[in-house]
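Peer 1: just coords:
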């Protein structure tokens, strides 16, 4: 069993004059981190060079200097396309729903699990709950669409059996249900996994706090409210800020695998849009423009979330 | 950024892949990849001999990427491939597309890491723009006597465009001197359905609907109580074309020109959904849905779910091509459910319309195989392809190995009974072991109905051999319709005028061209609106259809048609110039 512990340490930064003396004192630490800095540079910063593509009429096989520069043409095209706004709406809606569900459910689950007193049961439930995390989306999508199928799907069978509906519901063909299905499958798949980090944070709360509370006559519910939740607040907020930074890049696997033509208006995310209208048609520059827009929005979101939380709760990641 | 993310991905994949090759090549010949200095093979050029014995046979490995899947591919460990390696020294390290091949080709073009041999079908334009593929004209002239012999004048149809008359793709999809015998399309019905109805004529959508309806009323469920399904459509991704939108053209008498309907006199192209006749076809599907004969999951199911469903034998009728549902049909055969396999019927909207499956296209030079500009040894590659195009290579691919997969009896090639039994009943495993048919679109080839110097057919698809592959139930159905093969039911080639441009779907349009961007937009609208129209209440059908037409107009459909017309007319000009 793997336990993830997160100890958010917020160090005070040294003043600039003391930078070198600190650097020399901690030289081994710096050296140890060097490979990772190089790693980040190579894989996260070096590729940014490719953003130049968005301002060129990029043709593969030509060298950088031979490309034709077109300025903001591709961005103009992008912002004129109705489909882009639809994709943006879907992305934000699904990630927003995912964000809300992805925080409340695992936190509640972790707290409930923490209150279970039988260790064996607790372990068992925890293991079962995070197993779906290891199922790939391809398989998960297959299971989900089979369960929701109108042809002997278990959900429809149950609804029919209980006489709640007279005729099977076409869940996968109803655009309005799509966001919900994606969010629900996300909960099924990731709740257990995401709860691990909160369980670890809860484990870090000193038992003396609970003892003191019990002496003061606090009920279980009061203990959760006044000790457990404040105890993991830092963890929640830091994870929340990071997640907000990822709001716009929710990927495309789920939407691609669960979606179909009937629900396309609700399932096309920005990444899928970039894939279909950019790379799929060999329009490298257009695809780059979409992704560049994504990255800029992510940075803006991250900084605003960080700023807001800094003001409101005095917690932040930088 | 996606380009670069992908670059990183490619890098990673390549690294892993290299490791994989390094790990696996122990039992192969690990020094095989050393590029052999291509020596001029004077002995071969000009010689019409199919033998490659005087050639350079040092082992060499070429990488290959193909857009069409080859699900049974056995990494050259099958019998035919081993024979090819023996004759040419070539081993292929092949990758076949999974998912959308257009994206993969775009990646290949952008990465600069080209496989040695690429078959990019309609996406060849991306590679040509990137300078990723060689002009093959000279290589063919110098080193490929067999290819020249087989293609003859048809080689002119492999030219890229009017402006750029290079040959970038060796036309390996199209068959030379083809006389088709296999009817794989039309509408499909299970043999038990027509049998129950007493083998009535199946000629119009009404006939088709009637037999399914009658059967379903009598047998609403199978023996396990699961519901039988009237018609299931296969609408996952590009299968949409095959099973949903192309039949609209076929049933209304048009020839398959992809997303267009081309006027055969003026060669003007219109987006085919805008023809009023097709609206009626979709109205019929809407009606089928309304009366419960259409599978409700048609537009929701994924391809594997569709295949699984068909393999249960519960689906009475299909509107699909045989290669698209073949896996399921093989499963039905293996399970012995022969009366639940399918026959093909020339269904149209009304009797005065001719089903156009056999409308001749002439030799189509569009799709083919290309050699990368970074290939290790283009001469060896063209010689390898030339071997495949030789009589020996073609017969090896189509028939297998003499004495094993076929024998010569009285000067005729015959498939021994035990081999035929395996082909009929254990097809997948047999194909994997033997490798028969793996190279059909890697080689320049003669078509069905063409005979070699010994008077035997090049392919196995000729009437006598086809019948051998039919099951007894299939024969019984055919006999009831006074036919020996399915093609007998369809209108023949000579009832149509050959198209001057091959087929419009075979014309490749550069990705940056507005026509192609508009095309994707139209596709998105169509793929959304057509299911909506079919699933709508019959009373709302007209309204949905009107909205659909308005959407198309708004998105610029006429502009797209004008642009496409030009491509078709250019193709006509290119091909008629000799």
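Peer 2: Cool, got the structure. Everything numeric in this text was worked out from a predicted model, so none of it was measured.

Peer 1: can you list the residues of the stretch 301-450 of chain B near chain A?
Peer 2: B:301-302, B:304-305, B:309 (C-beta under 8 Å from any C-beta of the partner chain). Every C-beta, even on glycine, is put in place using the N, C-alpha and C of the backbone.

Peer 1: What subset of these is buried?
Peer 2: B:301-302, B:305, B:309 (16 or more other C-beta atoms under 10 Å in any protein chain shown).

Peer 1: from those, which is closest to residue A:85?
Peer 2: Nearest to residue A:85 among these: residue B:302, at 28.2 Å, using C-beta to C-beta.

Peer 1: quick one: pLDDT of the residue nearest to residue B:152 when sequence neighbours are not counted?
Peer 2: Closest residue to residue B:152 apart from its sequence neighbours, by C-beta to C-beta, 6 or more residues apart in numbering or on different chains: residue B:176 at 7.5 Å. Note for residue B:176: predicted pLDDT of 90.

Peer 1: contacting residues around residue B:176?
Peer 2: B:150-152, B:154, B:363, B:444-447, B:450 (C-beta atoms under 8 Å, 6 or more residues apart in numbering or on different chains).

Peer 1: what do you get if the cut-off is 7 Å, keeping everything else the same?
Peer 2: B:150-151, B:154, B:363, B:446-447, B:450 (C-beta atoms under 7 Å, 6 or more residues apart in numbering or on different chains).

Peer 1: what does residue A:155 give?
Peer 2: Here residue A:155 is in contact with A:147-148 (C-beta under 7 Å, 6+ apart).

Peer 1: gap between it and residue A:145?
Peer 2: Between residue A:155 and residue A:145 the computed distance is 11 Å (C-beta to C-beta, to the nearest Å).

Peer 1: just residue A:55 next, same as before
Peer 2: Applying C-beta to C-beta to residue A:55 and residue A:145 gives a distance of 41 Å.

Peer 1: can you check residue A:100 too?
Peer 2: 24 Å.

Peer 1: re the thing from before, among the contacts of residue B:176, which lie within helices?
Peer 2: Mapping these onto helices (DSSP state H) picks out B:150-151.

Peer 1: List buried residues within the contacts of residue B:176.
Peer 2: Listed as buried from the contacts of residue B:176 are B:150-151, B:154, B:363, B:446-447, B:450; burial here means 16+ other C-beta under 10 Å.

Peer 1: give me every residue that touches the residue of the stretch 101-250 of chain A found nearest chain B.
Peer 2: At 4.3 Å from chain B, residue A:172 is the closest residue in the stretch 101-250 of chain A, using C-beta to the nearest C-beta. Contact analysis of residue A:172 by C-beta under 7 Å, 6+ apart lists A:145, A:148, A:260, B:300.

Peer 1: Closest one to residue B:284 out of these, please.
Peer 2: Using C-beta to C-beta, residue B:300 is the member of those that sits closest to residue B:284, with 20.7 Å.

Peer 1: Angles on the backbone of residue 219, please.
Peer 2: All of this is about chain A. Backbone dihedrals for residue A:219, given as degrees, to the nearest 10, come out at phi -70, psi 170.

Peer 1: To clarify, I was referring to chain B.
Peer 2: According to degrees, to the nearest 10, residue B:219 has phi -130, psi 80.

Peer 1: residues in the stretch 201-318 of chain A within reach of chain B, list them.
Peer 2: A:260-262, A:264-265, A:274-284, A:287-288, A:291-292, A:295 (C-beta under 7 Å from any C-beta of the partner chain).

Peer 1: Make a ChimeraX selection of whichever of those turn out to be buried.
Peer 2: A single ChimeraX command selects the buried members of these (16+ other C-beta under 10 Å):
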select /A:260,261,262,264,265,274,275,276,277,278,279,280,281,282,283,284,287,288,291,292
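
Peer 1: Quick check: end-to-end length of stretch A:55-74?
Peer 2: Using C-alpha to C-alpha, to the nearest Å, the end-to-end distance of stretch A:55-74 comes to 7 Å.

Peer 1: Residues contacting it, please?
Peer 2: A:54, A:284-286, A:289, B:109-110, B:129-132.

Peer 1: which among the residues you listed end up buried?
Peer 2: If we count by 16+ other C-beta under 10 Å, the contacts of stretch A:55-74 have these buried: A:54, A:284-286, A:289, B:109-110, B:129-132.

Peer 1: center of chain A - which residue?
Peer 2: residue A:243 (5.1 Å; C-alpha atoms, centre = their mean).

Peer 1: Retrieve the pLDDT associated with the residue in the stretch 201-318 of chain A that chain B sits nearest to.
Peer 2: In the stretch 201-318 of chain A, the residue that lies nearest chain B is residue A:282 (3.2 Å; C-beta to the nearest C-beta). We have a pLDDT of 79 for residue A:282.

Peer 1: pLDDT for the contacts of residue B:176 - can I get that in CSV?
Peer 2: Output for these, formatted as CSV (pLDDT from 0 to 100):
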residue, pLDDT
B:150, 93
B:151, 92
B:154, 88
B:363, 88
B:446, 93
B:447, 91
B:450, 90
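
Peer 1: pLDDT weak spots in the stretch 151-300 of chain A?
Peer 2: Within the stretch 151-300 of chain A, not a single segment meets pLDDT under 70.

Peer 1: Do you have the strands of it handy? List them.
Peer 2: Assigned by DSSP state E, counting those that start in this stretch, the strands in the stretch 151-300 of chain A number zero.

Peer 1: Pull the number of nearby residues for whatever residue of the stretch 151-300 of chain B ends up closest to chain A.
Peer 2: Closest contact between the stretch 151-300 of chain B and chain A, by C-beta to the nearest C-beta, is at residue B:300 (4.3 Å). Residue B:300: 26 surrounding residues under other C-beta atoms under 10 Å in any protein chain shown.
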